[in-house]
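Q: can you look at this prediction? I've put the sequence above it.
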There are 4 protein chains.
Amino acid sequence: MPASYAYLGPEGTFTEVALRTLPETATRELIPYVSVQSALDAVRNGEAEAAFVPIENSVEGGVTTTLDELVAGEPLMIYREVLLSITFALLVRPGTKLSEIKTVTAHPVAQPQVRNWLRAHLPDALWESAASNADGARLVQEGRYDAAFAGEFAAERYGLEALETGIHDAENAQTRFVLVGRPARPAARTGADKTSVVLWQNDDHPGGLRDLLGEFATRGINLMLLQSRPTGAGIGNYCFCIDAEGHISDRRVAEALMGLKRICRQVRFLGSYPRADVRQGEAVGPTRPGTSDEEFVAASDWVARCQDGRF
Amino acid sequence: MPASYAYLGPEGTFTEVALRTLPETATRELIPYVSVQSALDAVRNGEAEAAFVPIENSVEGGVTTTLDELVAGEPLMIYREVLLSITFALLVRPGTKLSEIKTVTAHPVAQPQVRNWLRAHLPDALWESAASNADGARLVQEGRYDAAFAGEFAAERYGLEALETGIHDAENAQTRFVLVGRPARPAARTGADKTSVVLWQNDDHPGGLRDLLGEFATRGINLMLLQSRPTGAGIGNYCFCIDAEGHISDRRVAEALMGLKRICRQVRFLGSYPRADVRQGEAVGPTRPGTSDEEFVAASDWVARCQDGRF
Amino acid sequence: MPASYAYLGPEGTFTEVALRTLPETATRELIPYVSVQSALDAVRNGEAEAAFVPIENSVEGGVTTTLDELVAGEPLMIYREVLLSITFALLVRPGTKLSEIKTVTAHPVAQPQVRNWLRAHLPDALWESAASNADGARLVQEGRYDAAFAGEFAAERYGLEALETGIHDAENAQTRFVLVGRPARPAARTGADKTSVVLWQNDDHPGGLRDLLGEFATRGINLMLLQSRPTGAGIGNYCFCIDAEGHISDRRVAEALMGLKRICRQVRFLGSYPRADVRQGEAVGPTRPGTSDEEFVAASDWVARCQDGRF
Amino acid sequence: MPASYAYLGPEGTFTEVALRTLPETATRELIPYVSVQSALDAVRNGEAEAAFVPIENSVEGGVTTTLDELVAGEPLMIYREVLLSITFALLVRPGTKLSEIKTVTAHPVAQPQVRNWLRAHLPDALWESAASNADGARLVQEGRYDAAFAGEFAAERYGLEALETGIHDAENAQTRFVLVGRPARPAARTGADKTSVVLWQNDDHPGGLRDLLGEFATRGINLMLLQSRPTGAGIGNYCFCIDAEGHISDRRVAEALMGLKRICRQVRFLGSYPRADVRQGEAVGPTRPGTSDEEFVAASDWVARCQDGRF
């Protein structure tokens, strides 16, 4: 039985493209699932070795479905992340001209990213939502719509041609995907890593959240994502999904996590993994003086010497 | 021309029920809009005096469409909030028995709140999503589905009957709605108020967000919502929608806002308004010593006396 | 050669009385020295096993001579502290009546503590300072002054009688003494301990000292003394002598010291030793949640499990 | 009756030299007093317009007598400070050669500053303390000692000659003096000012002092002196004498003082006055972004506009 990766399908979407950038996919079976939940369930119940799902994008922020799945239920861990720039192609049946397009389709998330382009080039086209961008392409193939916004890579699969490529309203539109598995040893430290946790506050007093963030700040750890999610205990009750710079094997991160563990009602560790926004092999050291591993080790040695009266 | 309130339609949804709890709606025309965006646009372009939209619920957290509309574009302000407990009724055509139900429908947001009930009572029923809960009820009326989950109040409008009421998976399921208008003098201070702001950090250094929250914490101000939203400048760039206890005319809140204004790249004031989770007439004083208005005034007087050399 | 303790002499002062409360003095030779500096030098050069000197009193604050000796030069460590309530007796040659007293003497430090008593009972007596309270008693014995303020215990040694005892202007007048030795393993943890350090800031920016104190505060460690001392690098340049609750083998204290070591230019550990203000056998736990040894160990275990992917 | 300034005498000391650097002394009678206490009492009881006393020196730190007088009793205020570099001359009777010097004298505070010089040049000379450096010079004049360490300016007054000048062990040895008067309007803001206060904590919890210092730190205000002084309520009970950068009419300083007033048990304002360590006319702006007066005013205006709904 070959190892398999579940991913949020269908085939031919940005998710699959992002997944295929991981070298190990060459030797895995890649299985599309209809939802984030079902892909993660496939991991939890052992059907799949790992699941690949979107977790954040530059237009919508955190992908709440993914976050809520990671926050609750049986623990999972993140082992990799992939960043993908999102630009759309306008796919049509071969031969269709721009002036002939009366109807366009795509997944609703695509709409805010092509709105300006549409207004400028196809002001009168009627928009209808599709279940996914790939599905939109299929519906164009079937003749149901005149054009679909989708990744350029989808053209070949559906026998379409790209009338226009590189369509995007926002500069830097990106989606971040994560590879999620059952808990195991975290990915090895690379020197440019990220650590994800979920925090539940012990109580709700003025400064409570400030104190949690202080555990990172006093160790010079920058935050890359802070997304509140309801705990289910009623309105106004939130836990916090946090991505922080550094790896759990960095002393400053380990100490911050210990601090959080002591003052939070609950902490869920979601993994340490290489940052996708830093070139491989490049290290991103801590910027605050006194927070490098060397300084941690030296300080720890010094306290040990004090405890022995040798200094 | 009578004053009118726009609201997120269609008629017969929880939004309309929540809106009608406001006494002044008796003298306003209430106009349903197809989206949060269109309702708020109606305010911005002068069609409506105010718009009533959901902003937070205990299952999904902040309503991102609403938050994003308030964060960007022409400034708007919140003047009132309403909390509504959400429980569903199972609506059927008169005479339908539970055992005859093969298909059910509702807005997708309803699904997580009735999932357990469905599993226990209608394990084999097929779920299909509707555009709104009211729309689901209409489709049952038309015979397209056997049953719809909706507010009990929708039964009469669509000639249906409630086979079951009070359906909810999560205890304390609530939605919070806000009444939004063009900028004007904030609602009067009641002693149990809430202030909403959007903050953009000046830069992104370790402790940056901790320092922002410190402006509230050091003045004993509790936070009730912290929701990050993408700024549009690329992945990892967020602004923060914050609800804090207190009114802008409370000295501690005014000083915190001034502090934020000085250290943030941008601050957008979204209003101060009475808290819906506190009984009217009940005051909720600051809990941290030294943060009452009296103490602020006394300290200010003292500094003035020092500046004059009289003490 | 018997082990000896140096102490700030001469004999017959409060220092000697405080020193004799230590059980081990029964088997040590106690040698008076003319100054704090010479007593500590005796330890540094091996003449004495330890030195017993005053370090803080409730009227004058930190004893700067002692602090400056501990701050600079070859490192020393504190192993014990003794608290002594200071009340004075008025010593006279036998038979002298109050009305016959025209001149009084004592060490200058005694003066603020007997001033009110003098004003009330001997308003016309002339005060002259003596080199020590014991020396004042000797000068009364020799007939040079009519009366001396000193510890009641000095009467016998100098053949004087106590006309009045229990004289003190300030309630709770106390002096704190410390037993200082060469660096060795700190005194064993008792559960009610104190840790002394000297801190030199790395630089002098707004919030620098606040951040140092934050290393204690975030671990729930109370401060019992903060005394700034000049570094010798010019006016405005200070290091800080700090007494903090807890023992270096308490996890919260060890972590705070490590934090300080990382962010300070220099840290000098002056020892952990039992608190004299707490009854023996009584434990003084940390008051802030999340700062007990058990919680530190649990958090450390949890991080180790996360690093192994087992949780 | 001409206005008079009291100062810590006797004549011919560094204090008098420092005092005479103030231009207004040309038109005042300068009256030496035997102690800091008596000089300040002269101000309190109206005998003198102001008193000039040492408050800090680079060898001994804060002058506790002066601080204790300012901390307690009837309030006084600081209006000016003077910094004086302290170097000593070796004064002898005319004709005396270095090799003939067997005994030297000076005030005890001088001893640590000339110790190395003595060791190198007069290793066998006997040191005896004098009541003041001026008094030491007088005793040399009278033939009681062979040489005195004093300010070079004292030579003429006592008919002595300076065998050597510029003697000082520590580089940058300085003493800071202050001109103290009854409470009145503070000295005008110059742009390079200092503010002195005394703080009494409300209670003694972990982080209490850190929070007090936070009131300065969060407004970007650097501290220049922090000296703890006993409150008289027993050992371990301290108030804090603090010198902070800035003037009470600077918005950031005024807001910090208000914050302290609200959270402290007591705050005593000791004045705002020009810094002596900055050249006249030179401004020393706040270094932390968001703490200038302009930014404070802009933030205050913005909150006022929000309160009116105009923004």
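A: Alright, I've got the coordinates.

Q: part of a strand, is residue A:90?
A: Yes. Counting by DSSP: H, G, I helix; E, B strand; the rest coil, residue A:90 falls inside a strand.

Q: is it correct that it is in contact with residue A:161?
A: No. Between residue A:90 and residue A:161 there is no contact under CB atoms under 8 Å: 9.7 Å. Where C-beta positions appear, they are placed from N, C-alpha and C, glycine not excepted.

Q: does chain B sit close to stretch A:288-305?
A: Yes. Legend: contact between stretch A:288-305 and chain B by CB under 8 Å from any CB of the partner chain is shown at residue A:288.

Q: run me through the strand neighbours of the helix or strand containing residue A:199, direction for each.
A: Using DSSP states H and E, residue A:199 maps to strand A:193-200. Applying DSSP bridges, strand A:193-200 is found paired with strand A:238-245 (antiparallel), strand A:266-274 (antiparallel).

Q: let's have those strands in CSV, adding mean pLDDT.
A: Shown next, in CSV, are the strands paired with strand A:193-200 (pLDDT from 0 to 100):
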stretch, mean pLDDT
strand A:238-245, 97
strand A:266-274, 98
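
Q: can you redo the ones you listed as TSV with mean neighbour count?
A: Conversion of the strands paired with strand A:193-200 to TSV gives the following (neighbours: other CB atoms under 10 Å in any protein chain shown):
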stretch	mean neighbour count
strand A:238-245	24
strand A:266-274	23
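
Q: so which of the ones you listed is nearest residue A:75?
A: strand A:266-274 (6.6 Å; CB to CB).

Q: and the angle for the helix or strand just after that closest one with strand C:193-201?
A: Following strand A:266-274 in sequence order, the next helix or strand is helix A:293-308 (DSSP H and E). For the pair helix A:293-308 and strand C:193-201, the angle between their directions (axes from the mean of the first three to the mean of the last three CA atoms, to 10 degrees) equals 140 degrees.

Q: need the residues of chain A near chain C, please.
A: Residues of chain A lying close to chain C (CB under 8 Å from any CB) are A:75, A:77, A:183-186, A:202, A:211, A:214-215, A:218, A:248-249, A:254-255, A:257-259, A:261-263, A:267, A:269, A:289-291, A:295-296, A:298-300, A:302-303, A:306-311.

Q: quick one: buried ones out of those?
A: Among the residues of chain A next to chain C, those classed as buried by 16 or more other CB atoms under 10 Å in any protein chain shown are A:77, A:183, A:186, A:202, A:211, A:214-215, A:218, A:248-249, A:254-255, A:257-259, A:261-263, A:267, A:269, A:290-291, A:295-296, A:299-300, A:302-303, A:306-307, A:309.

Q: okay, domains of chain A per the record?
A: Segmentation of chain A into domains, based on automatic domain parsing, reads A:88-167, A:185-311.

Q: tell me which of the ones you listed sits most buried.
A: Of all those, domain A:185-311 has the most neighbours on average by mean count of other CB atoms under 10 Å in any protein chain shown, namely a mean of 20.

Q: now do the same end-to-end measure for that domain.
A: Domain A:185-311 has an end-to-end distance of 37 Å (CA to CA, to the nearest Å).
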